[in-house]
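Novice: Below: sequence and its predicted model.
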Amino acid sequence: MTEANAPDGTAREAAGSPLTPVLTRRWLSPESWSLRTYEQLEGYTALRTALSLHPDQLTELVKAAGLRGRGGAGFPSGVKWGFMPKDRSRPHYLVINADEGEPGTCKDVPLMMADPHSLLEGCVIAAYAMRANNCMIYVRGEALHCIRRLHHAVREAYEAGYLGENILDSGFDLDVVVHAGAGAYICGEETALLDSLEGKRGQPRLKPPFPAQAGLYSSPTTVNNVETIASVPHIVNGGSDWFRGMGREKSPGPKIFSLSGHVERPGQYEAPLGTTLRELLELAGGMKDGIPLKFWTPGGSSTPLFTADHLDVPLDFEGAAEAGSMLGTTALMIFNETVSVPWAVMKWTQFYEHESCGKCTPCREGCFWLAQVLERMVQGRGTEQDIDTLLDVCDNVLGRSFCALGDGAVSPITSGIKYFREEFLALCESNRGQDTTEEPALAGVAR
Amino acid sequence: MTVAPASGNDTAQSRPVPEGHVRLTIDGIEVDAPQGELVIRTAERLGIVIPRFCDHPLLDPAGACRQCLVEVEVNGKPMPKPAASCTTAVADGMVVRTQQTSQVADKAQQGVMELLLINHPLDCPICDKGGECPLQNQALKHGRGDSRFVDTKRTFPKPVSISSQILLDRERCVLCQRCTRFSKQIAGDPFIELLERGATQQIGTGEQQPFQSYFSGNTIQICPVGALTSAAYRFRSRPFDLVSTPGVCEHCSSGCSQRTDWRRGKVMRRLAGEDPEVNEEWNCDKGRFAFRYATASDRITRPMVRDADSGELRETSWTEALRKAADGLLNARDSRGVGVLPGGRLTREDAYAYGKFARVALGTNDIDHRARPHSNEELDFLGSSVVGTGPEDGVSYASLEAAPAVLCVAFEPEEESPIVFLRLRKAARDSGTRVFHLGQWDSPGVEKTTHIADSGSPIHSGGLLRCLPGGEAAALYELPSEVEQALGEPGSVLLLGERCSQVSGVYTAAMRLAERTGARIAWIPRRAGERGAVEAGTLPTLLPNGRPVSDSVVRSGIERAWGMSTGSLPSVPGRDIDGILAAAESGELSGLLVGGLDPADLPDPEQARRALRAAGFLVSLELRPTGVTEHADVVLPIAPTVEKSGTFLNWEGRPREFEITIEGTGAVPDCRVLDTLAVEMDVDLFTQTPQAVAAEIRRLGPNPGARPKPPDIPAEPVTEPSGDRALLASWRHLLDNGSMQHDEPNLAGTARPPVARVSHGTARRLGLEPHQPIRVSTERGTIALESEVVEIPDGVVWLPGNSGPAEVNEVLGVGHGAVVGIAAGTAPAPGTTPGQREPGGEELPAVAGNGHTSNGHGPPAHGSNGNGQAGIDGGGA
């Protein structure tokens, strides 16, 4: 997704549209990333308010607003903040998960490109609330331009006294470090991210201990998503009632939906949680060239697929779950009827095979196996038995792996077969009647 | 496997849950488990074995292999997905269903097993692990009969040599990370790590960084598949062809329990035995791999006597050899007497026989087993503070783990007692013990016990207290107050190493420190036999079980026990090893009885050889030829550890008994040889068998008299020499030129490269370029060695004691704390210097690709003559 696409369909929509530009409000302003523009548009006003409050009041405020984590899992942010110990016997850390890597997801990078100061302001407020004097922003290494913007913004904020020692004469100190990842999907998993930040191999850690007890450098740590933290200044300024005015009761607030694929105007659309794809498609100008919708992901490739039957599913945490998927990162990848489901599933599975960190058996070996079976099927060398094998291997990976990567890896396969089994069967047509295509391999050749 | 004590198991609901326990149900069986116990362990106590790969009770849980999945219900709510029982701690009211009662758990386990096998090669028939392989066993128990995998397996070139000893087969690896976790958490040598990711994830080493660890062999033993094998054992035998016999390691004073696997009279391999009190489940590579010395081609199997005509040794019958030995010793005894030098590698029983032989058959207290630098202060220290203590009342491994602080004085745990090192690391890592070292430089062993980094935040505790070599005693009087305070906490410990005997006043200083702080003292000798020999009475001042020679009441007790006439035990303390050798050289002694001792180990090997040459009559009990053999009049062969039974006392004073592993070789232990020899001399020792000796030692009981007085020697101030002089600091590497590492080239390849260490200041003073050889000399000779700059006091040069060309005693004739000359070397350093090797010494192979192979600065032709070595060994013939 390029920056040029970002403005599409955001703030300029007419009144009455379902859009709620909050996080995306400033994106269209000239040099929206600069401190000057940010300050002109209420920037750092929330910080002044926040620093006059008691840290615990801020945690309560976020709890009252019902803000839920925007990284995919939807854990209530205020509750998470509340897990941080109140004493300061060890350093506290706030870590921002900006390792946006979920296929289809494109919300954090545009946000940091267009409005980095909103993230920084959120960081100061959240760090103050959690008594943290150090904040790390772990950015996906590939997003180089974005990293430069963040560095620039951090420098500006230091110079203006919004970061560093004694911020705005409050006595509160905060240092922010922008850290570039090295290109591993797994480092979006919070504990793998922490290991990576510590300079270790990025692989998920055993929990417990949870990061709030022993996170970065074994110290109390909270890991929050970019969008979550960028929402905080708005909650401080607008209040919890205002925030709850958007979205649904259990999933309040606005959310950036990133639409990609076969739509007329792909891009970021900020709308209240609970908005449906039908509404979002209207905003995005409908399906590209009018070719009908076939399938879509509600929240990136790790969330089970939806079909045209799910156009009216309210896209909030509960709605997506009730319909058999997950809200994830609200990365809506939209595919029209020209796309083969087994092919798309194969591509995603190849992604997971490549990105599986290797720590646990089910994900490491399972993705390796699943990818090979799907590749074979797409080449027309599959059998009906392979479909059963796929489903059974998926069953042996789902809920058996160390972290959620394995669960995510099998969702496109199981949901793809669930909704489009006939497409998989069609690929086996030429091999009907054969149980297996090859003799079992005793020892193979390097792939 | 370390298993918590089983708790009683009646299901009466009324029975209260013991404090610190929880009550849960596993497969319908109610069980109480200590809080924090992992489900997999609790199940094991019930006899329910859950399959596993990554789980190991002595490593931190990983949860990586997912083989041990079980269904868990907490507070009546089933957990949404199966849980890894190796990472799930028990909780009150928990209901666990394993593969025995849950289809979900069973399917999950079968699924993981299938996934583990899709990429596993079918080379079990040629795999070393075949027959003892957890993957093989568990696949048969919990796996499918056939595979659904019809696609292409992942392959790797194999095997890859990750050190000269360890070979890695990445295809067989199931990536359980036991080896990497062991290396990181236990040994502190993270030279192997996971590389790459996903299905191409693999174990590997860094470039030019081989798996250089003294504990690398343990990774082979804990590998649940055949991914790690040793060059020494690879393809040698199948486990089901081997007989396994429990034993005890003979290399150092750690006292490791071990398992010896052998067939047809030949040891094929050795493994660490399980003893939670001592070595847990680990051993060092020397203990694991160094055993072929016992079957070396030059082993002496027949008695030999020196032919009167030719002057050469010739093989002969036991009858003739014993007759000649007895006659010679009787003559020598009746002339000016015989000294006895039994060496420090004997079992307690064999040592006892030497002690008794000296007193009863030779009528002398001239006996000393300390074939190494030694002092009278040490003698007093051993008699007053060491002898008679044991793990119950003295310092033990357990007390190291519990100690708030430990101070190692002139002791290098990793090199001298590797299991003590592991325990200190464990203490520092898990119990917060602060480990201090009084030494010269931040050696790897110091580093790894004071800076511990694996998971979580690094631990920095304790540290190195630098002093000049020889200045250890003075330093103990002026410890930083922080250290003195730490040692004042109840349970703190002082560990005194072998090197203390080279520092005047250090035992006294340590005892004063112990009095000041309440810390307890332990003595950790380097050799396996030293502690037992102290108890057995092979010291000039001590009779068995710590009885002082000078106490007449004690003496008469021993006289009664030994059936001697009153007053026949010699009452004057004997000469120590130096005194015995000097007397032999000067003719004050007429004969010597020597057992398993190498002159090169003595502080002054040249003097020792002169004495051996001068001795009127010399009997040597030996396994393989040493520097003694060439001077001996009679050579009597004795059995190596594996062919005899006996007891080693480890440094704790804990008896480590072992039985004969290889029977029927005809080799006899020292005690039996001495018993027969004594009979030839008309004396009955009653030491025919180690069992008889052990019974006699038990019957004697502890010393009924008072302990001898502790030493009282003032600390001597040490000054930093200037100019081209330096103070020598030196200790031995674990893997070095030692004769018991004979014929183990793969092991030798993992030895640390011998380098000389100096400070930046000293290097500048000498104008040393990086890695330029440094020449360390005395009047006796010169050692030229590649130099390395470390943080060490100025004016100090450190040399390995017996590695490569650095044979400190032999070449320099001095030891730790001596003043030596230093100069920048110009010649290519090691390996090219002639005339420094003992016969039988092994050339140390260059270490595989670690970048340390020195290459001098001049052209290669430059050095062969420029290195004029004093002919230290030339006069030996």
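Specialist: Good, I have the coordinates.
Novice: Pretty sure B:Arg23 sits against B:Asp32.
Specialist: Yes: counting by C-beta atoms under 8 Å, B:Arg23 does reach B:Asp32; the two are 5.2 Å apart. (Each C-beta comes from the backbone N, C-alpha and C, glycine too.)
Novice: Skip the chain neighbours and tell me the closest residue to B:Leu322.
Specialist: In space, not counting the residues next to it along the chain, B:Leu322 is nearest to B:Glu680; the distance is 4.9 Å by C-beta to C-beta, 6 or more residues apart in numbering or on different chains.
Novice: where's the one you found relative to B:Val406, distance?
Specialist: 50 Å (C-beta to C-beta, to the nearest Å).
Novice: So for those two, which sits in the more crowded spot?
Specialist: Comparing B:Glu680 with B:Val406 by neighbour count (other C-beta atoms under 10 Å in any protein chain shown), the higher total belongs to B:Val406, at 31 against 18.
Novice: so which strand or helix has the more buried one?
Specialist: strand B:405-409 (DSSP states H and E).
Novice: From the rest of the structure, what touches that strand?
Specialist: B:400, B:424, B:427, B:433-439, B:462, B:472, B:476, B:483, B:486-487, B:489, B:492-497, B:500, B:506, B:510, B:519 (C-beta atoms under 8 Å, 6 or more residues apart in numbering or on different chains).
Novice: if we go to 6 Å?
Specialist: By C-beta atoms under 6 Å, 6 or more residues apart in numbering or on different chains, the surrounding residues in contact with strand B:405-409 are B:434-438, B:486-487, B:492-496, B:510.
Novice: residues contacting B:Arg23?
Specialist: Applying C-beta under 6 Å, 6+ apart, one finds that B:Arg23 lies in contact with B:Val17, B:Asp32.
Novice: The one helix or strand it maps to: what's the following helix or strand?
Specialist: Secondary structure assignment for B:Arg23, by DSSP H and E: strand B:21-26. Past strand B:21-26, further along toward the C-terminus, the next helix or strand under DSSP H and E is strand B:29-34.
Novice: I'd like the average pLDDT over that next one.
Specialist: Strand B:29-34 shows an average pLDDT of 97 in the prediction.
Novice: Please list the outside residues in contact with the next helix or strand after it.
Specialist: Secondary structure here is assigned by DSSP H and E; on that basis, the next helix or strand after strand B:29-34 toward the C-terminus is helix B:39-45. Helix B:39-45 has contacts (C-beta under 6 Å, 6+ apart) with B:Ala6, B:Ile26, B:Ala33, B:Ile50, B:Asp55, B:Cys68, B:Ser85, B:Cys86, B:Thr88, B:Val90, B:Val96.
Novice: Just the buried subset of those, please.
Specialist: Buried by 16 or more other C-beta atoms under 10 Å in any protein chain shown: B:Ile26, B:Ala33, B:Ile50, B:Asp55, B:Cys68, B:Ser85, B:Cys86, B:Thr88, B:Val90, B:Val96, out of those.
Novice: Show me the residues you listed that map onto strands.
Specialist: With strands taken from DSSP state E, the overlap with the buried ones among the contacts of helix B:39-45 comprises B:Ile26, B:Ala33, B:Val96.
Novice: Tabulate these (JSON lines), appending distance to chain A.
Specialist: Converted to JSON lines, these look like this (distance: C-beta to the nearest C-beta, whole Å):
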{"residue": "B:Ile26", "distance to chain A": "20"}
{"residue": "B:Ala33", "distance to chain A": "18"}
{"residue": "B:Val96", "distance to chain A": "17"}
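Novice: which one of those residues sits closest to B:Ala726?
Specialist: Within those, distances to B:Ala726 taken as C-beta to C-beta reach their minimum at B:Ala33, with 59.4 Å.
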